Structure formats: C-alpha cells, structure tokens
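A.B. asks: following is a predicted model, sequence given first.
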Amino acid sequence: MQRRPPPARRWGKTRTALGAAATAAATVPAELLLRAITLRNRPYLPIWFHRGLSRSLGVRIITHGEPPRRGKVLYIANHLSWTDIPVLGARIHASFVAKSEVAGWGPVGWLASFAHTVYVARDRRSTAAIQKNEIADRLNTGGSIILFPEGTNSDGTGVLPFKSALFSVVGDVPGLIIQPITLAYTRVNGLPVTRRQLPDLAWVGDTELAPHAITFVGLGRVTAEILFHDPIDPAEHADRKALARHCHTLIAAGYRRLMRGG
C-alpha cells in the first residue's frame with residue numbers, strides 16, 4: 001500500500017495560495033494608502049509582504065548576524081531560486097536588482113515593480129551605464145539594494161563566479177557599505193538537504209516557474225539560513241574585480257559551512 005505524504009506536504013498548495021492571498025490583501029492596500037498619504041512613491045511595507053509569503057511557502061528563516069542598521073548598503077548575495085526574493089525580503093529593508101524579463105511575469109512582475117525593483121538588461125551593453133546610474137541614484141537617495149552578482153541561479157551545489165560589472169557602482173556612491181550575504185536552504189522537514197533534493201529547491205535552467213513552485217510547496221517545511229558576513233569598505237580593495245572576488249570567497253565559504261551544518 002502506498003504511503004500518504006505527510007500533512008505538511010498534502011496541504012502545501014492550499015496553505016500557500018490562502019497565505020499569499022491574505023498577505024497581499026493585508027499589505028498592498030496599506031502600502032498604496034501610505035504612499036498616497038506621504039505623496040512619496042517609495043516602498044514601506046514590502047518586508048511584511050515577504051514575511052507573510054515566506055510563512056505561506058512553509059519556509060522557516062534562520063539568521064546569523066545582522067545587517068547594518070543605517071547607511072547606504074549594497075547587499076551582495078548568492079542566488080538559488082525565486083524563493084530568495086521573499087526570504088531575503090523578509091529580513092532586509094532593500095530593493096532588488098532583477099533581469100528586465102521579470103517585469104513581464106504577470107503578478108510576479110507587478111509585485112516586483114511595486115517593491116521598486118531595479119531592472120537590468122544583462123545582455124545589452126548599450127544600457128549598462130544607465131542601469132548603473134539608476135542603482136547609484138537609488139543608493140545615494142538613501143535606499144538599499146540587494147544584488148545577485150552570479151547573474152543567474154546556481155544549482156545549489158555551490159556558488160557560481162561573480163560578474164564584476166555592477167560592482168562598478170561603488171565609485172559613484174560615497175560612503176557605501178558592501179554587505180556580503182550567504183543564503184542556503186539547509187533542511188526539509190527537519191532533515192539535512194540531500195543532493196537529490198537540490199533540483200526541487202534551486203530553480204535553474206529552463207525550468208518553468210509554476211511547476212517548480214508547485215514542487216517546492218509540496219516539499220513541506222523548508223529551512224532557509226541567512227549568514228550576514230562582516231561589512232566591507234570598498235575602498236580597501238584595488239578595483240571592482242578584486243572586490244567581487246573577495247565577496248565571492250566569503251559567500252562561497254559561508255555556503256559550504258551552512259550546507260554542512262556549521
């Protein structure tokens with residue numbers, strides 16, 4: 001006789017749908033009202049939306065260390081899945097940098113734009129300067145940015161090399177703080193993640209979003225860990241390539257440690 005899946009898996013889709021709908025209903029109107037009252041088109045409540053969505057997805061978030069409490073901060077993180085957005089967004093007051101295609105992903109794109117995501121066309125060198133200026137302007141006006149310098153999602157076995165191009169923004173933002181972050185999905189239903197489970201957690205290649213999301217919410221309870229490394233002064237590194245290599249070394253070592261249970 002075939003064993004039925006655990007309750008957490010059986011009702012994962014319903015839990016996520018109801019939780020996401022309730023979270024959106026509670027936060028989106030409040031966000032729009034705050035913007036109307038203050039007359040400022042800036043995000044106020046996305047962090048609460050991300051927290052509600054993470055809980056709806058069955059993700060438990062564990063943090064090690066803390067982000068800077070003030071200042072202009074460029075967060076540098078490894079990238080594994082679409083779930084990185086609500087997980088990091090649930091703990092960090094910052095906007096994301098995403099590929100321009102995300103803006104056209106229906107409700108996902110609308111929510112990304114709603115949270116003031118900065119879109120970049122990674123395959124168009126002609127717009128690189130404009131995109132860099134937009135990120136610099138956001139930082140100089142007091143906003144913080146989360147950047148995924150791998151340029152794509154990894155398969156979860158390690159951290160891909162970083163692309164140093166967007167690190168060039170550091171020269172245009174006086175007093176900028178670089179905050180490296182390691183993100184890892186370390187447990188499923190309380191047990192360490194196995195290599196066989198990585199494709200269900202990491203979203204890579206040409207895998208469509210909807211099927212992957214359905215598989216993810218069917219896993220049960222997923223533990224995500226965020227490791228905040230010591231902040232970096234970019235002036236201590238010779239150039240953006242050296243800065244990118246240093247961040248990669250820290251984040252990759254942190255990933256290995258988290259996945260090994262360290």
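C.D. replies: Right, received. Where do you want to start? These figures come from a predicted structure and were not determined experimentally.

A.B. asks: on the three-state scheme, the residue lying closest to Val159 once chain neighbours are set aside is what?
C.D. replies: In space, and not counting its chain neighbours, Val159 is closest to Ala252: 4.2 Å by CB to CB, 6 or more residues apart in numbering. Every residue, glycine included, has its C-beta placed from N, CA and C. At Ala252 the chain is in helix, as set by DSSP: H, G, I helix; E, B strand; the rest coil.

A.B. asks: for Phe96, see how far away Ala252 is.
C.D. replies: 21 Å (CB to CB, to the nearest Å).

A.B. asks: the two - which one has more neighbours?
C.D. replies: Phe96 (23 against 17; other CB atoms under 10 Å).

A.B. asks: what sits up against the host helix or strand of the more buried one?
C.D. replies: Phe96 is located in strand 95-99, with elements delineated by DSSP states H and E. When contacts are defined by CB atoms under 8 Å, 6 or more residues apart in numbering, strand 95-99 is touched by residues 43, 85, 88-89, 112, 115-122, 135, 138, 143-148, 166.

A.B. asks: from those, which ones fall inside helices?
C.D. replies: If you go by DSSP state H, these have 85, 88-89, 112, 135, 138 in helices.

A.B. asks: shaky segments in the stretch 151-262 of the chain?
C.D. replies: 262 (pLDDT under 70).

A.B. asks: which residues of it fall in strands?
C.D. replies: For the stretch 151-262 of the chain, applying DSSP state E, counting those that start in this stretch gives strands covering 177-188, 191-192, 222-228.

A.B. asks: I'd like to know which of the ones you listed is closest to His50.
C.D. replies: His50 lies closest to strand 222-228 among these, at 11.8 Å (CB to CB).
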